[in-house]
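**Q** predicted structure and sequence below. I'll ask about it afterward.
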Amino acid sequence: MPQDPADGAVRASAPFPRSPARPGPAWWRDAVIYQVYVRSFADSDGDGVGDLRGVTSRLPYLAGLGVDAVWLTPFYASPQADGGYDVADYRAVDPLFGDLPDAAALIEAAHGHGLRVIVDVVPNHTSERHPWFRAVRASPAAPERAYYVLRPGRGEHGELPPNDWESVFGGPAWTRLPDGVWYLHLFAPEQPDLNWEHPAVRAEFEDVLRFWLDLGVDGFRVDVAHGMVKAPGLPDVGRAGQARMLNTEVLPFFDQDGVHEIHRSWRALLDSYPGERIEVAEAWAPTSERLALYVRADEAHQAFNFQYVLAPWEARALREVIDASLGATGAVGATTTWVLSNHDVVRHTTRYAAGDPARGLRRGRAAALLTLALPGSVYVYQGEELGLPEVLDLPEEVRQDPAYFRGRAVARDGADAAGLPGAPDAAGLPETEASGQEGMRDGCRVPLPWSGEAPPYGFGPGGSWLPQPPAWRGLSVAAQSGDPGSTLELYRAALALRRELPGLGDGGMEWREAPEGVLLFARPGVLCALNTRSTEVVLDLPGRPLLASAPVEARGGRVVLPGDTCGWWAGEE
């Protein structure tokens, strides 16, 4: 990064070129996609769990917010050992969430509101209740045993796991069947890994994709898209704490080169359908360059940019991630995705708070404007438009996250809980708040507050599967709607401007000189300035103010940008 060694100020640089255009509408290149965690979004039947009819009832809200598409987390038939990411039937809707006609009605209604629909697909593993794995348990001679990763154990009597691989949720990645054979589960024991070398597995998932494409979905978010393929021979890693290594190196069970063949075959399938159907890869990769391999022209359309999620609240670190991301994806003709929060990490308003919730909200609002001004596509996690913080004080008796309980058990046994790969380690949280939150996901999954003075705040006619804090009364959709200073109205205004201004979204950007702790860049017709310092900074920003995350003062022809604030100004074309 160009920088003056005397003052640490960020200097201007050559502009990033516009990414090479791909043929077709390419709606996804600058789409804003809203993640709906189905069980926590809206409950239609009073059982305390969100469902598909609840989502359908709130589609007018999402259309009014200004997003382009909705991503639905798994609603398939599942024992819910891991929030639906343990799938027992990929073509059925779990009764907890509704039925197949409800799914079809949701897709049709979303399209009627101008919203595209992306659904999760979970190909790395199934539920232990899947018919295939039931057959595995039932008979040592079952042909379905070839569909999973089964191996004999080590030791004199096979009593030791086949290798040293660790589960992402903590503890060994192997569990022994009654007949003595071990099966691989890189996540919970209830989630056995599939053997993607078997043609029946590949054929099954191609059929699953076609099933949902024929029902009208516009794409898939692929869970653990870096998984599926394991290194030949399943070699030992040789070290503990393997989930943490995902940010730094390729492991024998993740990000293997052979996985790209699967994504290429899926891209060909998607391209055979009309309307630009897309794949979004949830791929943990150690570098931006390796992540970009997933979005080459014949593979996935997008991949989540977890390096951006992990970036601390510091101008230099943010710029390094932005530069690396744009450079890597631009080199393969793709656009970058920008993500602040999701259902697996501590909400960013809490990550940025450093013990001060008001500071976390200021930074969260500023981060939203930065994110929406960058070139590419943006993912908004439900509730971030309300400024919701992480719920840090959930009692153990209401928690349901298997990572929490498995991590606790591993810690009691004297080992380190692995946590989630790439999770921000509760970055920025003081020790008292971070305790129990690292890689633990219930706190970001608390049901949304919609209206009312008491829980469940309009979530549904009954209660809610996780308790909502009393403070959320003032953060509900109803409480914030129409308040020009609210976070909800900030998101609505920013999303409206993003649609109105052709210079935002896909395209080029150019860094401008800025003081230390400040990012300043130009998009066609727009200037964006972010102050990550705690104190104000005075800038020369010609042009009409468009939007800011906090009140901005004009002083003597210059702009006073408060600490932890981001703003947009109309600039030169």
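**A** Alright, I've got the coordinates.
**Q** where in the stretch 1-150 of the chain is pLDDT low?
**A** Low-confidence segments of the stretch 1-150 of the chain, defined by pLDDT under 70: 1-25.
**Q** go on, the stretch 351-500 of the chain?
**A** 403, 405-439.
**Q** for Leu547, see how far away Ala570 is.
**A** 10 Å (Cβ to Cβ, to the nearest Å). Where C-beta positions appear, they are placed from N, C-alpha and C, glycine not excepted.
**Q** which one of these two has more residues nearby?
**A** Leu547 (19 against 15; other Cβ atoms under 10 Å).
**Q** helix or strand: which one has the residue most central in space within the chain?
**A** Centroid check for the chain by Cα atoms, centre = their mean gives Asn342 as the closest residue, at 4.2 Å. Take DSSP states H and E as the rule and Asn342 turns out to sit in neither a helix nor a strand.
**Q** test my guess that it contacts Tyr34.
**A** No - contact criterion Cβ atoms under 8 Å: Asn342 and Tyr34 do not qualify, at 11.5 Å.
**Q** which neighbours do these two have in common?
**A** Tyr379 (Cβ atoms under 8 Å, 6 or more residues apart in numbering).
**Q** coming back round to it: measure the residue nearest to the centre of the chain to Trp165 for me?
**A** 25 Å.
**Q** the residue lying farthest from the centre of the chain sits in which helix or strand?
**A** Centroid-distance maximum for the chain: Glu156 at 43.6 Å, with Cα atoms, centre = their mean. Using DSSP H and E, Glu156 sits within no helix or strand.
**Q** quick one: contacts for it?
**A** With contacts defined as Cβ under 8 Å, 6+ apart, Glu156 has no neighbours.
**Q** likewise Leu72?
**A** Leu72 neighbours (Cβ under 8 Å, 6+ apart): Val36, Val38, Val55, Leu106, Val117, Ile118, Val119, Asp120.
**Q** what comes into contact with stretch 463-474?
**A** 39-40, 43, 48-49, 388, 391, 394, 398, 400, 442, 445-447, 449, 452-457, 459, 479.
**Q** out of those, which end up buried?
**A** The neighbour count (16 or more other Cβ atoms under 10 Å) marks 39-40, 43, 48-49, 388, 391, 394, 400, 442, 445-447, 449, 455-457, 459, 479 as buried among those.
**Q** still on that earlier bit, skipping adjacent residues, who's closest to the residue nearest to the centre of the chain in space?
**A** Tyr381 (5.1 Å; Cβ to Cβ, 6 or more residues apart in numbering).
**Q** how close does that neighbour get to Leu100?
**A** Counting by Cβ to Cβ - Tyr381 and Leu100 are separated by 27 Å.
**Q** please apply the same query to Glu384.
**A** For Glu384, the distance to Leu100 - Cβ to Cβ - is 30 Å.
**Q** between the two, tell me which one has more neighbours.
**A** More crowded of Glu384 and Leu100, by other Cβ under 10 Å: Glu384, with 24 against 12.
**Q** so what's the more buried one up against?
**A** Leu340, Ser341, Arg347, His348, Thr349, Gly364, Ala368 are the contacts of Glu384 under Cβ under 8 Å, 6+ apart.
**Q** now Pro235
**A** Per Cβ under 8 Å, 6+ apart, neighbours of Pro235: Asn163, Pro252.
**Q** part of a helix, is it?
**A** No - assessed with DSSP: H, G, I helix; E, B strand; the rest coil, Pro235 is coil; it does not lie in a helix.
**Q** quick check: pLDDT value at it.
**A** If you check Pro235, the pLDDT there is 98.
**Q** distance of it relative to Gly50?
**A** Taking Cβ to Cβ, one finds Pro235 at 42 Å from Gly50.
**Q** same question, Ser57
**A** Ser57 is 11 Å from Gly50, by Cβ to Cβ.
**Q** what do the two both touch?
**A** Ala42.
**Q** count of neighbours near the nearest residue to Asp86 once chain neighbours are set aside?
**A** Once flanking residues are discounted, Asp86 sits nearest to Ser127: 3.9 Å by Cβ to Cβ, 6+ apart. A count of nearby residues for Ser127, using other Cβ under 10 Å, gives 27.
**Q** can I take it that Ser127 is in a helix?
**A** No - using three-state DSSP, the secondary structure at Ser127 is coil, not a helix.
**Q** correct me, but it touches Val87?
**A** Yes - counting by Cβ under 8 Å, Ser127 touches Val87, with 5.6 Å between them.
**Q** any common contacting residues for those two?
**A** What both Ser127 and Val87 touch, as defined by Cβ under 8 Å, 6+ apart, is the set Ser78.
**Q** ranges for the strands of the stretch 251-400 of the chain?
**A** With DSSP state E, counting those that start in this stretch as the criterion, the stretch 251-400 of the chain has strands at 278-281, 302-303, 337-339, 377-381.
**Q** buried residues, stretch 34-50. List them.
**A** Residues of stretch 34-50 classed as buried under the neighbour-count rule (16+ other Cβ under 10 Å) are 34-44, 48-50.
**Q** mind listing what the residue lying closest to Val346 once chain neighbours are set aside touches?
**A** In this structure, Val346 finds its nearest non-sequential neighbour in Glu390, 4.9 Å apart by Cβ to Cβ, 6+ apart. Residues in contact with Glu390 (Cβ under 8 Å, 6+ apart) are Val346, Arg347, Thr349, Thr350, Arg351, Gln437, Gly443, Cys444.
**Q** quick one: the residue nearest to Val181 when sequence neighbours are not counted from Asn124, how far?
**A** Distance criterion Cβ to Cβ, 6+ apart; nearest residue to Val181, sequence neighbours excluded, is Leu150 at 5.1 Å. Taking Cβ to Cβ as the measure, Leu150 and Asn124 are separated by 16 Å.
**Q** tell me which of these two has more neighbours.
**A** Regarding Leu150 and Asn124, a neighbour count based on other Cβ under 10 Å identifies Asn124 as having more, with 25 against 19.
**Q** doesn't Lys230 make contact with that one?
**A** No - applying Cβ under 8 Å, one finds Asn124 not in contact with Lys230, separated by 10.3 Å.
**Q** identify the contacts common to the two.
**A** Counting by Cβ under 8 Å, 6+ apart, the residues touching both Asn124 and Lys230 are Asp193.
**Q** ok, back up a step: any chance of the strands of the stretch 251-400 of the chain in CSV with mean neighbour count and distance to Gly241 as columns?
**A** Listed next are the strands of the stretch 251-400 of the chain as CSV, based on neighbours: other Cβ atoms under 10 Å; distance: least, Cβ to Cβ, whole Å:
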stretch, mean neighbour count, distance to Gly241
strand 278-281, 26, 25
strand 302-303, 26, 25
strand 337-339, 24, 24
strand 377-381, 25, 27
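**Q** which one of those strands lies closest to Thr535?
**A** strand 337-339 (26.4 Å; Cβ to Cβ).
**Q** show me where the stretch 201-350 of the chain has helices.
**A** 259-271, 288-292, 306-310, 315-331, 348-351 (DSSP state H, counting those that start in this stretch).
**Q** state the distance from Gly66 to Glu489.
**A** 11 Å.
**Q** the two: who's more crowded?
**A** Shown here are Gly66 and Glu489; by other Cβ under 10 Å, Gly66 has more neighbours (19 against 15).
**Q** what sits closest to the more buried one if chain neighbours are left out?
**A** Leu495 (3.2 Å).
**Q** tell me the SS of the one you found?
**A** Per three-state DSSP, Leu495 ends up helix.
**Q** which residues does it contact?
**A** Val32, Leu65, Gly66, Val67, Leu372.
**Q** which of the residues you listed sit farthest apart?
**A** Leu65 and Leu372 (12.3 Å).
**Q** comparing those two, which shows the higher neighbour count?
**A** Leu372 (22 against 17).
**Q** isn't that one up against Ala493?
**A** No - when contacts are counted by Cβ under 8 Å, Leu372 is not listed as touching Ala493 (10.3 Å).
**Q** between those two, which contacts overlap?
**A** With Cβ under 8 Å, 6+ apart, Leu372 and Ala493 have no common neighbours.
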